[in-house]
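Chemist: any chance you can model this:
(chains A and B)
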2 protein chains.
Amino acid sequence: MLPRGRPRALGAAALLLLLLLLGFLLFGGDLECARRARGGAGSFPCALTPRIPQDGRPRGAAALDRDPQTDPGGHNRSDCVLPRPLPPRCELLHVAIVCAGHNTSRDVITLVKSLLFYRKNPLHLHLVTDAVARNILETLFHTWMVPAVRVSFYDANELKPQVSWIPNKHYSGLYGLMKLVLPGALPPDLARVIVLDTDVTFASDIAELWALFAHFSGVILLWLDRLRQAGWEQMWKLTATQELLTLPATSLADQDIFNAVIKGHPALVQPLPCVWNVQLSDHTLAERCYLEAADIKAIHWNSPKKLRVKNKHVEFFRNLYLTFLEYDGNLLRRELFGCPSPHPPEAEQLQQALAQLNEEDACFEFRQQQLTVHRVHITFLPHEPPPPRPHDVTLVAQLSMDRLQMLEALCRHWPGPMSLALYLTDAEAQQFLRFIEASEVLSARQDVAYHVVYREGPLYPINQIRNVALAQALTPYVFLSDIDFLPAYSLYDYLRASIEQLELGSRRKAALVVPAFETLHYQFSFPTSKAELLALLDSGSVYTFRYHEWPRGHAPTDYARWREAQVPYRVQWAGDYEPYVVVPRDCPRYDPRFVGFGWNKVAHIMELDAQEYEFLVLPEAFTIHLPHTPSLYISRFRSSTTYRDCLQALKDEFLQDLSRHYGAAALKYLTALQQPEAP
Amino acid sequence: MLPRGRPRALGAAALLLLLLLLGFLLFGGDLECARRARGGAGSFPCALTPRIPQDGRPRGAAALDRDPQTDPGGHNRSDCVLPRPLPPRCELLHVAIVCAGHNTSRDVITLVKSLLFYRKNPLHLHLVTDAVARNILETLFHTWMVPAVRVSFYDANELKPQVSWIPNKHYSGLYGLMKLVLPGALPPDLARVIVLDTDVTFASDIAELWALFAHFSGVILLWLDRLRQAGWEQMWKLTATQELLTLPATSLADQDIFNAVIKGHPALVQPLPCVWNVQLSDHTLAERCYLEAADIKAIHWNSPKKLRVKNKHVEFFRNLYLTFLEYDGNLLRRELFGCPSPHPPEAEQLQQALAQLNEEDACFEFRQQQLTVHRVHITFLPHEPPPPRPHDVTLVAQLSMDRLQMLEALCRHWPGPMSLALYLTDAEAQQFLRFIEASEVLSARQDVAYHVVYREGPLYPINQIRNVALAQALTPYVFLSDIDFLPAYSLYDYLRASIEQLELGSRRKAALVVPAFETLHYQFSFPTSKAELLALLDSGSVYTFRYHEWPRGHAPTDYARWREAQVPYRVQWAGDYEPYVVVPRDCPRYDPRFVGFGWNKVAHIMELDAQEYEFLVLPEAFTIHLPHTPSLYISRFRSSTTYRDCLQALKDEFLQDLSRHYGAAALKYLTALQQPEAP
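Modeler: Numbers count the residues shown, from 1 in each chain, chains lettered A, B, ... in the order given. Here you go, the predicted structure:
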């Protein structure tokens, strides 16, 4: 759902769809034809291409349209109107969007999905962003890898001084005003651009809108000349200054000023057919527009009520919005037809690597999953980075929908910063959003960053998800945990004190071990001290972690010694050791080849040891695993021999790589592996 | 994913898109115009409507098209072709589909979703089905309640004799041939219909295809005359008989015969532009079609490889298919613009009831959820109904994604028929399908019927879901269980024996109580006898169900007596009793007002008691609850005071209704409710 009622950094000023004509419009009819011939099908018979008349309509069809002079509102009946010719195949269309903050970044993604769903042309997105939105959207587009989409970023902060002199009360704030300065901010050689508000949903191909540029041919060129001669920049500044004499602060941001400029210079503007701006408000003209036009092109959620707006056809609009809100963005990673669009080099390599996989290989699914690049939406919800503190620790973990229940308890146990990666579908991401909004505990925590890794493929890419959470941790240290563990209430403070005391930053390369326990009870009174924990251990209410199933995983922690320990003690690595550790943020990443389950943490700890991290067990630290239903992913694969064989192959390859990197010292890992296997 | 390689009842013969012209085509150009004026906007200027020339193209645009005479393949470049005018707004379009069996019914739903997504006209679907598909699709469309969609069913069995004389080897079997007899099977007053194969995905508005009927004006009327004179029925039968002289059995089903008729009577056919039938096979003509036409209209998955077909643009096609496969069908329940379409009476009542709800009411969400009609897809997977046996019992339960892990164990514990309702999104339904396919245990069980109830709304409509499972049970008795319980291995046999012995069918109105226990251990050795269970109970490995949290729920079962019991014994109802029972299939339904959690089973047991069912505890029966992570739904609402207040309101309303139905006898329930509350 669109956010309701809360302030948004950028917003719902009237849909601009402003056809900004910057620089020179280089091509006339004949050049256009030559370019068509180059662009796509070489065999295209240019000589047959008719010159499009100035009104953009083929001859003979004119009688179907109403006369625009007598019907200025643009009330067209779509079953009578012949669509205008679309731009040539493969023509690059330019779109500009101003976007700031976490919530508006989510809106932009829904807008872009609707854009991509209908588009058939290559697109260049020009995004004017603050640092938060840039960080989110840069990561997203980098991992989305949509063919034939280029993205350029422009720093909104640099533009601020140009508009900050205008007082304004609109909730979109300064960012709303930035559309005024786009002509100067975008590259001078950019001739045409469609400017969109973030709360727009497309219901048709944006090329149809772009085609209206051609419709203006001649006439608009004339206007462009006037625009140049008059000087747009001076024009709007002058108008704004004049307006401010009577209006103390703008209430509609940029739209006030556009309106005022237009009023003074009506020839500058060519009104768009209203189907391109179906505004969901009580504005009667808009309602007449879509009541009469069955062919809605774009919907503008510019009522403050957003999806709850009362309107005869709101259900239709809402369903279209929800379609794209929950649409699987992976499905938009499709090639265009017959438009050779250069891939970014990573995408090219990836395609080659995927093409080289052998479908008959028993481990094909594993190899495919390893190569999958997941779309990543970092800081899906508003987040305040922790203040810089030299010994601060971020809890790092990953989860999927079936572990959301853990989040409230985790927040109660860990009062410090967290970086959590969630493996979700687009639709689940919306459920997650509602889950957070419904929880007082969770919505109060601005120091918990949630990063969505979008699901793709049959295996669980656990280490890729962990790496996203790890990469987004912003403190010098990280506590590498799992979502089904609750740390001791005191752990956050104790870890920071220990890091300081042990002088980890300057002196030692160490991994601090947090001993792990487990309880089998759902109703469980969490121990508030080591003494209480030991009592529970003695009474059989708590065990050391996986004591019955797999003691090797934590044996080197030496629980007997821990009982008595008063100071940190060093332990030696041994085969299959997989403790929960605190390490510097720049520690090795998890090896992404381990998909599904098995060896994903073991390999990471092995690499820490290969890099000569000391393992120091902390005498007062502990964390307790809570019971839960086994994951669907585990139950599906634990019993499969193919799975076990492939996991073995992955292990072998990992160890080979380890030897290659660390030489003879890595031999001990091979030896350790010869020992009996996990059950 | 489309089913791969396995036989399908109806299938992938070449896309027919056959423009069958049945009966009289009443309207010429002028009449068409008059009808437009009536249909939608009264002010439409009919006089301006041009007569469309026989080639269907507006004058002046002809030069853009290639000459169809020299380019018979229909290779159009869409950026050159002007679309033909669409049919008048609100014109009813007719679509016919032949569909048989469980898997093909799923395919049809994906096809219909793509159809509905792009359509703007009212539709009438003519479905020729076997009994299985009719049962599924009738329930689906009844609960889907899409405005401006009519559905008519035609019995495929009745048509069988007309085609069964033709031997054929094609996997679509007799159903494939039925398209031949559609002209006779459909109502005589139906003038035009578009016939679709089930493996088609639309990529555009079907009205554009319908518009091609107009394109044939004159010419096709002429052909129709010829068709009448020649007599289609005799024509195809004669042709088929002749073909069979050389061909022992058809391999392409109907398509062979159509081809042969066409060969003999080429004037009958007007080829469609190939963009309306982009066949995904190695057929070179098809590949040339879509390589050159960026504007794909419909995709035909007619390669036996289905989604795995190798093809340059298969990713594009697959993503479109997946879009609709996973599309939330609820979003298609939208009104058409400006086409007054009469609702079915249920939908009308529902709209009124929803409109009367007060959004400010604290229980608004509850009341809205109660009124929500969920789309229901019964027998989502192939299912064989149990043979009629007088004492047979179906296990009835409901679940959501987070309990899929239980299914394998449940199948091992219950060898009899089951009717399970799953509360899923459309996308989750596909995950569920893959989960079943990946499990040998589950895919081997044809006696387990899975019914999908599609998710909508924030509260869990537990009793509505249960009622779907209950309504679909086909044996005389049902065991009303919950998904997190595993029955004793012997329970299925024991229940049937008990039903027979107690002569339930003839003599008594009884609910057989299956005593409920619970374990807190994930690893758990399930007792194979009552003696083993009692030993576990004594050792504290097993408890009576919710012994610690809510003993009232099962106290009347009288576990102490059960320990010693050798024969069934009668117990009395008491407040909050919620045992697991075996009852006749025609028992009362669960009260759908209880959404979310709380009182959903208690109310049902109360109603059984009000209807004077005896509660008979079975001495050898038991079922054990396994531990699991608490449901997200529970954790969200347990703590909410609004939730508790609304639940209280629901209880009060339920009790009032009970008094109304059962009179003074129902007073005792009110008294029982005065006692202390659930924690």
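Chemist: any idea which helix or strand carries residue A:125?
Modeler: Element membership of residue A:125 [criterion: DSSP states H and E] is strand A:123-129.
Chemist: excluding sequence neighbours, find me the nearest residue to residue A:416.
Modeler: Nearest non-adjacent residue to residue A:416, counting by C-beta to C-beta, 6 or more residues apart in numbering or on different chains: residue A:492, 4.1 Å away. Just so you know, the C-beta spots here come from the backbone N, C-alpha and C atoms, and that holds for glycine as well.
Chemist: what do you get for residue A:401?
Modeler: residue A:428 (5.3 Å).
Chemist: that neighbour is in what secondary structure piece?
Modeler: Using DSSP H and E, residue A:428 falls in helix A:426-438.
Chemist: now that helix against helix B:426-438, angle please.
Modeler: 120 degrees (axes from the mean of the first three to the mean of the last three C-alpha atoms, to 10 degrees).
Chemist: which residues are contacting helix A:426-438?
Modeler: Identification of contacts with helix A:426-438 by C-beta atoms under 8 Å, 6 or more residues apart in numbering or on different chains yields A:1, A:325-329, A:377, A:380-381, A:401, A:404, A:422, A:424, A:442-443, A:450, A:452, A:454-455, B:328, B:425, B:427, B:458, B:632, B:636.
Chemist: buried members of those residues into ChimeraX, please.
Modeler: A single ChimeraX command suffices to select whichever of these are buried according to 16 or more other C-beta atoms under 10 Å in any protein chain shown:
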select /A:325,326,327,328,329,377,380,381,401,404,422,424,442,450,452,454,455 /B:328,425,427,458,632,636
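Chemist: quick check, pLDDT for the nearest residue to residue A:406 once chain neighbours are set aside.
Modeler: Residue nearest to residue A:406 in three dimensions, not counting chain neighbours: residue A:483, with 5.3 Å by C-beta to C-beta, 6+ apart. According to the prediction, residue A:483 has pLDDT 96.
Chemist: just the contacts of helix A:426-438: which are in strands?
Modeler: Using DSSP state E, A:377, A:422, A:424, A:450, A:452, A:454 are the members of the contacts of helix A:426-438 that sit in strands.
Chemist: wait, what's in contact with the closest residue to the fourth one other than its chain neighbours?
Modeler: Leaving aside its chain neighbours, residue A:450 sits nearest to residue A:380 (4.9 Å; criterion: C-beta to C-beta, 6+ apart). Neighbouring residues of residue A:380 by C-beta under 8 Å, 6+ apart: A:102, A:106, A:422, A:429, A:432-433, A:450-452.
Chemist: roughly how far does residue A:380 sit from chain B?
Modeler: According to C-beta to the nearest C-beta, to the nearest Å, residue A:380 stands 18 Å off from chain B.
Chemist: over to residue A:565?
Modeler: 31 Å.
Chemist: ditto for residue A:115
Modeler: Residue A:115 is 15 Å from chain B, where distance means C-beta to the nearest C-beta.
Chemist: how about residue A:437?
Modeler: 11 Å.
Chemist: show the subsequent helix or strand relative to the lowest-mean-pLDDT helix or strand in chain A.
Modeler: Lowest on mean pLDDT, DSSP states H and E among the helices and strands of chain A sits helix A:29-39, with a mean of 28. Of the helices and strands lying after helix A:29-39 in sequence (DSSP H and E), the nearest is strand A:93-99.
Chemist: what packs against that following strand?
Modeler: helix A:102-118, strand A:123-129, helix A:173-177, strand A:192-196, helix A:206-215 (3 or more C-beta pairs under 8 Å, 6 or more residues apart in numbering or on different chains; DSSP states H and E).
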